[in-house]
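Chemist: Task: produce atomic coordinates for the following.
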Amino acid sequence: MSRIGKKPVTIPKGVTVTLDGSKISVKGPKGELSRSLPAAMLVSMKDDEVIVERPSEENEHKALHGLTRTLVANMVEGVTTGFSKQLEIIGVGYKAEVRPYGLQLSLGFSHVIEYKAPAGIKLSAPQPTQVTVEGANKEMVGQVAAEIRSYRPPEPYKGKGIKYAGEQVRRKAGKAGGK
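Modeler: Residues are numbered from 1 along each chain as shown. Modelled structure (predicted):
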């Protein structure tokens with residue numbers, strides 16, 4: 001039995017979960033999320049808990065068991081507390097500014113980069129060298145942070161670029177000097 005899959009997902013107060021076949025909708029104070037779960041998994045509600053069961057001991061069902069439970073748990077956590085990722089911008093003249101459409105990034109190119117935030121994602125820049133990505137959908141928050149980081153990933157010689165907060169950039173030694 002999957003250790004993760006067998007745990008029930010408790011539903012906190014203020015959150016409503018509706019099941020419609022293999023489709024689940026979760027509504028809470030931070031928004032509403034819905035997704036289609038794997039049809040093979042048996043998802044049911046008892047009291048204020050969501051229980052995920054697998055129909056057989058096949059390897060495919062074992063793999064989907066923990067995944068399905070984690071997807072439901074992430075949806076419940078997203079509509080109650082939300083998810084966020086912090087990015088740090090390192091480099092002379094590199095900065096981010098919040099605009100009505102999303103974010104404007106100056107990353108040492110001849111032009112500025114305008115990133116348009118998808119629906120449900122809030123971008124903020126508490127300082128010009130920090131970016132915070134917030135939202136209810138964990139996948140989307142991670143994807144937006146990865147897209148912003150991909151514009152100028154940290155380089156190994158000086159460490160310039162966009163990195164996740166707490167990320168360790170492996171540094172390399174430069175060329176050896178002359179004689």
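Chemist: Identify each buried residue in the longest helix anywhere in the chain, please.
Modeler: Longest helix of the chain, by residue count under DSSP state H: helix 59-80. Across helix 59-80, burial judged by 16 or more other CB atoms under 10 Å covers 61, 64-80. C-betas here are computed from N, CA, C, even on glycine.
Chemist: care to break the protein down by domain?
Modeler: Residue ranges for the domains of the chain, per automatic domain parsing: 9-80, 83-164.
Chemist: still on that earlier bit, any idea of the mean pLDDT for the longest helix of the chain?
Modeler: Per-residue pLDDT values over helix 59-80 give a mean of 93.
Chemist: hmm, who's touching that helix?
Modeler: Contacts of helix 59-80 from elsewhere in the structure, counted by CB atoms under 8 Å, 6 or more residues apart in numbering, are 2-5, 7, 9, 11-12, 14-15, 17, 24, 26-33, 35, 37-38, 40-41, 43, 50, 52-55, 83, 135-138.
Chemist: Recalculate using a threshold of 6 Å.
Modeler: The contact list for helix 59-80, computed with CB atoms under 6 Å, 6 or more residues apart in numbering, reads 2, 4-5, 9, 12, 15, 26, 28, 30-31, 33, 37-38, 41, 50, 52, 54, 136-138.
Chemist: And for stretch 100-114?
Modeler: Outside stretch 100-114, the residues that reach it (CB under 6 Å, 6+ apart) are Tyr94, Lys95, Ala96, Glu97, Tyr115, Lys116, Ala117, Leu123, Tyr151, Arg152.
Chemist: which among the residues you listed end up buried?
Modeler: Tyr94, Lys95, Ala96, Tyr115, Ala117, Leu123, Arg152.
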